[in-house]
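In: Just to be clear, the model below is a prediction. Sequence and coordinates:
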Amino acid sequence: MAAKQPPPLMKKHSQTDLVSRLKTRKILGVGGEDDDGEVHRSKISQVLGNETKFTVREPLGLRVWQFVSAVLFSGIAVMALAFPDQLYDVVFDGAEVASKTPVRLYGGALLSISLIMWNALYTAEKVIIRWTLLTEACYFGVQFLVVTATLAETGLVSLGTLLLLASRLLFVIISVYYYYQVGRRPKKV
């Protein structure tokens, strides 16, 4: 008795057939546009989503401003910690500091803020960038008010303090500008 030979394997041609491929993609739900107008090439990209939606579109000059802020905070912090007399002298034009402790505490606080600024420079998260910009704006705003109140109390007005006030006001404006620019919703392309 001879064994019956199995029929030769036949290659299925349905995947090469264009109509069959389109039907398969339609069943899977890929290839067409979704509600956002995006065309997904595979089910995986449809489920996982498109990561370009989540990237922050940074305003021009944001990273430069973050770098300048971090350097500014670090420099003033080191100066307040190492040379409190000279820093006080520069700000209040010759007034003698009664105690170095408050100036050094100010330097320690600035050093802490500068560490946050340096870390925010390397992040892409919108929330962290906005919080650091808001921290800067609040710091510069409070410093502006404190120096103004001190000048009104003492009556010592000098070119150095006026430049300090003008620069703090400018820094508040820049920080608030970037804060709102980072928070804006991106335009649909």
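Out: Everything's here; your move.
In: For the rest of this, base every contact and every neighbour count on C-alpha atoms.
Out: Fine.
In: Which residue ranges of this structure form helices?
Out: Secondary structure of the chain (DSSP state H): helices at 18-28, 43-48, 62-82, 84-92, 101-121, 126-154, 159-183.
In: In TSV, list these along with mean pLDDT.
Out: Output for these, formatted as TSV (pLDDT from 0 to 100):
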stretch	mean pLDDT
helix 18-28	67
helix 43-48	58
helix 62-82	94
helix 84-92	78
helix 101-121	92
helix 126-154	92
helix 159-183	91
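In: Need these in TSV (columns: distance to Gln5).
Out: As requested, the helices of the chain are exported to TSV (distance: least, C-alpha to C-alpha, whole Å):
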stretch	distance to Gln5
helix 18-28	32
helix 43-48	41
helix 62-82	74
helix 84-92	98
helix 101-121	72
helix 126-154	68
helix 159-183	72
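In: Quick check: chain neighbours aside, which residue is closest to the residue most central in space within the chain?
Out: The centroid of the chain falls nearest to Ile129 when counting by C-alpha atoms, centre = their mean (2.6 Å). Leaving aside its chain neighbours, Ile129 sits nearest to Ala120 (6.0 Å; criterion: C-alpha to C-alpha, 6 or more residues apart in numbering).
In: Please name the residues that touch the one you found.
Out: 66, 128-129, 132 (C-alpha atoms under 8 Å, 6 or more residues apart in numbering).
In: where's the closest residue to Ala77 other than its chain neighbours relative to Ile174, distance?
Out: Spatially, and ignoring its direct neighbours in sequence, Ala77 is nearest to Gly107 (4.2 Å; C-alpha to C-alpha, 6+ apart). As for Gly107, its distance to Ile174 is 23 Å (criterion: C-alpha to C-alpha, to the nearest Å).
In: Give me the more crowded residue out of the two.
Out: Taking neighbours as other C-alpha atoms under 10 Å, Gly107 and Ile174 compare with Gly107 leading, 24 against 16.
In: Distance check, that one against Tyr88.
Out: 12 Å.
In: sorry, back to before: can you tell me which of the helices of the chain comes nearest to Pro6?
Out: helix 18-28 (28.1 Å; C-alpha to C-alpha).
In: coming back round to it: do you know which of the helices of the chain lies nearest Lys4?
Out: Going by C-alpha to C-alpha, the one of those nearest Lys4 is helix 18-28, 34.0 Å.
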